[in-house]
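**Student:** here you go, sequence then predicted model.
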Amino acid sequence: MKILLLGKNGQVGWELQRSLSPLGDVIALDSDSTDLCADFTNLAGLAETVRSLRPDVIVNAAAHTAVDKAESEPDLARTINAQAPEVLAREAAQIGAWLLHYSTDYVFDGSGSTPWVETDATGPLSVYGRNKLESEVLIARHNPRHLIFRTSWVYAARGGNFAKTMLRLGQEREKLTVINDQFGAPTGADLLADVTAHALRLVWQSDSPQQLAGLYHLVASGETNWFDYAKHVLAQARQAQPAIKIKATQIDPVPTSAFPTAARRPHNSRLNTGKLQRTFGLHLPPWQNGVNRMLAEIL
């Protein structure tokens, strides 16, 4: 199997370099790659890369993920998050390749408290959410050989994340205020990468791979909000590393309105993963497992 991995230096892309390597020959590119174009603002160059490599599978881990910034540069965000995936889908279809793409809980309007299933009506609140929803539609339209994984609250030991921010602020301030009315499941980039490799292996070995194609929700199990997530992180830090001086003795819950942002965030980012677990024979671990492992690595 020849795999073209795009976005190799992002949080998920970095983990995918590890998880995909046992499956075959992985050509990993990023926007600054020089020999081949993986710049998602250069749609013609991106198409030429697929044509020249003729991979069996394309894994797209590249995206414009600056959610607030996307509100002020909607054309750029749409090019990267919708039009580039469309190009990948078209070119993959021409050569009979599979395309695996990541989407987001931001395609929903965040109403209610029930975990979203794949067939629920969408209603994105932001440019980012609208772009990612468009990418789903375009991929499905142009290439039946696709897997789309919607996920949420992605973190990794590599790069910045919410837990690292809480650790830093917890050492700087005696009092923290954290949003408590947005609910979801922190999901590790390593979990996303491992499930991706597992799913692709089953597709590749299946006698009826087309039956596995489609849209799936992929997050760690359980749920939390940012306030309880912060409390968990600081408690783990105190327990694991007494040498780290956590000054914060008070964490106050506040509503989303206390921290206005350019892009509206969904309050309900819970995703039902039943379809994924049934189809691919998976057990998704509690979100705390991955967060604790990440903290043990960075502390």
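**Tutor:** Perfect, I can see it now.
**Student:** and the next helix or strand past the strand or helix carrying A92?
**Tutor:** A92 is located in helix 84-95, with elements delineated by DSSP states H and E. Next along the chain after helix 84-95, taking DSSP H and E as the criterion, comes strand 98-104.
**Student:** give me the next element, helix or strand, following that next one.
**Tutor:** helix 127-142.
**Student:** hmm, A92 is touching P144, no?
**Tutor:** No: the pair A92 and P144 fails to qualify as a contact (CB atoms under 8 Å) at a distance of 10.3 Å. Glycine gets a C-beta too; all of them are placed from N, C-alpha and C.
**Student:** which of these two has more residues huddled nearby?
**Tutor:** Remark: of A92 and P144, A92 carries more neighbours, 25 against 13, as counted by other CB atoms under 10 Å.
**Student:** residues touching that one, list them.
**Tutor:** Going by CB atoms under 8 Å, 6 or more residues apart in numbering, A92 touches 50, 58, 98-99, 143, 145-146.
**Student:** ok, now with 7 Å
**Tutor:** 50, 58, 98-99, 143, 145 (CB atoms under 7 Å, 6 or more residues apart in numbering).
**Student:** circling back to that earlier point, may I have the helix holding A92 exported as PDB, CA atoms only?
**Tutor:** Extracted C-alpha coordinates of helix 84-95, given in PDB (Å, rounded to 0.1, in the frame of the first residue of the first chain):
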ATOM      1  CA  ALA A  84      -8.300  21.500  -1.400                       C
ATOM      2  CA  PRO A  85     -10.100  18.400   0.000                       C
ATOM      3  CA  GLU A  86     -12.300  18.600  -3.100                       C
ATOM      4  CA  VAL A  87      -9.300  18.500  -5.300                       C
ATOM      5  CA  LEU A  88      -7.900  15.500  -3.300                       C
ATOM      6  CA  ALA A  89     -11.300  13.700  -3.700                       C
ATOM      7  CA  ARG A  90     -11.400  14.300  -7.400                       C
ATOM      8  CA  GLU A  91      -7.800  13.200  -8.100                       C
ATOM      9  CA  ALA A  92      -8.200  10.200  -5.800                       C
ATOM     10  CA  ALA A  93     -11.300   9.100  -7.700                       C
ATOM     11  CA  GLN A  94      -9.400   9.300 -11.000                       C
ATOM     12  CA  ILE A  95      -6.800   6.800  -9.800                       C
END
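**Student:** buried residues in it?
**Tutor:** Buried positions in helix 84-95, judged by neighbour count with 16 or more other CB atoms under 10 Å: 84-93.
**Student:** next: stretch 209-224.
**Tutor:** In stretch 209-224, counting by 16+ other CB under 10 Å, buried: 212-213, 215-220, 223-224.
**Student:** those residues in strands, which ones?
**Tutor:** Under the assignment DSSP state E, the buried residues of stretch 209-224 contribute 215-217, 224 to strands.
**Student:** could you redo the contacts of A92 as CSV and give each row distance to D75 and pLDDT?
**Tutor:** Output for those, formatted as CSV (distance: CB to CB, whole Å; pLDDT from 0 to 100):
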residue, distance to D75, pLDDT
V50, 23, 97
I58, 24, 98
W98, 29, 98
L99, 23, 98
N143, 24, 97
R145, 29, 97
